[in-house]
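Colleague: sequence first, then the predicted structure:
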Amino acid sequence: MRLAASPSPAAFPWLGAQASIALGRMALELHDPVAARLRHEARHHLSHLLTEGILRSQFEDLEERLARDDGRSRVPSAMSLTAAEVRVLQLLPTHLTLREIADELFVSCSTVKTQVTRSTRSCMPPRAHRRCSVAASSACWSPERTV
């Protein structure tokens, strides 16, 4: 009874294989490198099954799609952002202006603009990041500021 109370992939290899294949497909759609690791997990779970049934064809489909994947990420990864960019991005939802974020982090406003621009390039489609860059550059402008 204890085994059924907390099912784990080790206890139910078909569950582990099915979950790894489904997560692998999702990771592949996002072009996340974790898809390759999930393929290995699925293979491990499949090796513990007496009969693989439909899971074998789903696994082979995942392997074929991984082989065709060009590896270019279409979504940002936390690994692609610098620590400074992450700090700035964490402050954006606070509705502080870029000038206030710069003061908070003890950096210049242009540094914050650069970090926002670089992170939005990583996170958004090209047309959207151009609009964000324009907004970021105007956010530090004020009537009192002389050129």
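Modeller: Received, thanks.

Colleague: so where's the chain uncertain?
Modeller: Counting by pLDDT under 70, the chain has low-confidence residues at 1-11, 70-80, 122-147.

Colleague: mind giving me the domain split of it?
Modeller: 9-68, 78-139 (automatic domain parsing).

Colleague: how about JSON lines for these, with mean neighbour count added?
Modeller: C-beta: built from backbone N, CA, C; applies to glycine. Converted to JSON lines, the domains of the chain look like this (neighbours: other CB atoms under 10 Å):
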{"stretch": "domain 9-68", "mean neighbour count": "16"}
{"stretch": "domain 78-139", "mean neighbour count": "15"}
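
Colleague: now do the helices in this structure.
Modeller: For the chain, applying DSSP state H gives helices covering 2-5, 13-29, 34-46, 54-68, 83-91, 98-105, 109-123, 126-139.

Colleague: which ones are touching Lys44?
Modeller: Actually, residue 44 is His rather than Lys. With contact taken as CB atoms under 8 Å, 6 or more residues apart in numbering, His44 is in contact with Gly16.

Colleague: distance of it from Glu100?
Modeller: According to CB to CB, to the nearest Å, His44 and Glu100 sit 50 Å apart.

Colleague: ok, Val107 next?
Modeller: Using CB to CB, we find Val107 at a distance of 12 Å from Glu100.

Colleague: same check on Gly53?
Modeller: As for Gly53, its distance to Glu100 is 58 Å (criterion: CB to CB).

Colleague: list the residues that contact the nearest residue to Ala17 once chain neighbours are set aside.
Modeller: On the basis of CB to CB, 6 or more residues apart in numbering, the spatially nearest residue to Ala17 that is not a chain neighbour turns out to be His45, at 3.7 Å. By CB under 8 Å, 6+ apart, the contact set of His45 is 9, 13-14, 16-17, 20.

Colleague: which of those residues sits closest to Leu66?
Modeller: Closest to Leu66 out of the contacts of His45 is Ser20 (12.6 Å), distances taken as CB to CB.

Colleague: that closest one: what's it in contact with?
Modeller: Residues in contact with Ser20 (CB under 8 Å, 6+ apart) are 9, 38-39, 41-42, 45.
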